[in-house]
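Colleague: here is the input, now give the coordinates:
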Amino acid sequence: AHSPNQIWVSDVTCFKIKYKYYYICVILDLFSRKVVSYTISKKNSTRLVTSAFKQAVIERGCSRGLVFHSDRGSQYLSHTFQQLLQQYKVKPSVSASGHPHDNAVAECFFKYLKLEETNRRFYNSFNDLSLSVFQYIDGYYNSRRPHSSLGLLTPNQFENNFFSRS
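Modeller: Below is the predicted model:
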């Protein structure tokens, strides 16, 4: 991606808190590695990914020619989600079967979310997890965490530099 809002990547991961599972869907802009939206739910469902996508559209708009890339999860391949992409004229892209590296940016985000935040904490509730994820994404990942792929800039700095040059 050569500018923001050309390619968004997405994935879902799961967390267990006291015998209950919670799911996080994240959407990142491939250009800047910025998390543009995320949702957390008690169910791994099409609604989880459609909510994250709609939130991303509200946050970022929907650029002409936008590509949305994900793995082959059933929620991404569902008729409902594919219709949503079609409604917004977004081109779907999915990883090849058995090739998780095709979605490496989203996978890598979850690796660092777990390594730097969630695996270091004990959560008593869904609200604890939600607050922790919010603080990590908004308070650290997008605004203070440098990325080697961005020349050691944060996602916010990288996008700000792009827009100041435009």
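Colleague: which parts of this structure are strands?
Modeller: If you assign secondary structure with DSSP state E, the strands in the chain sit at 7-17, 20-29, 35-41, 67-70, 91-94.
Colleague: is it possible to export these to TSV including mean neighbour count, distance to Tyr112 and mean pLDDT?
Modeller: From N, CA and C alone the C-beta is placed, and that goes for glycine too. As requested, these are arranged in TSV below (neighbours: other Cβ atoms under 10 Å; distance: least, Cβ to Cβ, whole Å; pLDDT from 0 to 100):
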stretch	mean neighbour count	distance to Tyr112	mean pLDDT
strand 7-17	20	12	95
strand 20-29	21	11	97
strand 35-41	20	11	98
strand 67-70	22	19	98
strand 91-94	14	23	96
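Colleague: for these, which one sits closest to Phe110?
Modeller: The stretch from the strands of the chain with the least distance to Phe110 (Cβ to Cβ) is strand 7-17; that distance is 4.5 Å.
Colleague: ok, longest helix in the chain?
Modeller: helix 46-60 (DSSP state H).
Colleague: tell me the buried residues in it?
Modeller: Residues of helix 46-60 classed as buried under the neighbour-count rule (16 or more other Cβ atoms under 10 Å) are 46-53, 55-57, 60.
Colleague: relative to strand 35-41, how tilted is that helix?
Modeller: Calculated by axes from the mean of the first three to the mean of the last three Cα atoms, to 10 degrees, helix 46-60 forms an angle of 150 degrees with strand 35-41.
Colleague: extract the CA atoms of helix 46-60 and return them as CSV.
Modeller: Output of helix 46-60 as CSV, limited to C-alpha atoms (Å, rounded to 0.1, in the frame of the first residue of the first chain):
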residue,chain,number,x,y,z
THR,A,46,-20.3,-12.6,11.3
ARG,A,47,-21.7,-9.8,13.5
LEU,A,48,-18.2,-9.4,15.1
VAL,A,49,-16.5,-8.7,11.8
THR,A,50,-19.4,-6.7,10.3
SER,A,51,-19.3,-4.4,13.4
ALA,A,52,-15.6,-3.9,13.1
PHE,A,53,-15.9,-3.1,9.3
LYS,A,54,-18.8,-0.7,9.8
GLN,A,55,-16.8,1.0,12.6
ALA,A,56,-13.8,1.3,10.3
VAL,A,57,-15.9,2.9,7.6
ILE,A,58,-17.3,5.4,10.1
GLU,A,59,-13.7,6.2,11.3
ARG,A,60,-11.9,6.3,8.0
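Colleague: noted, bye for now.
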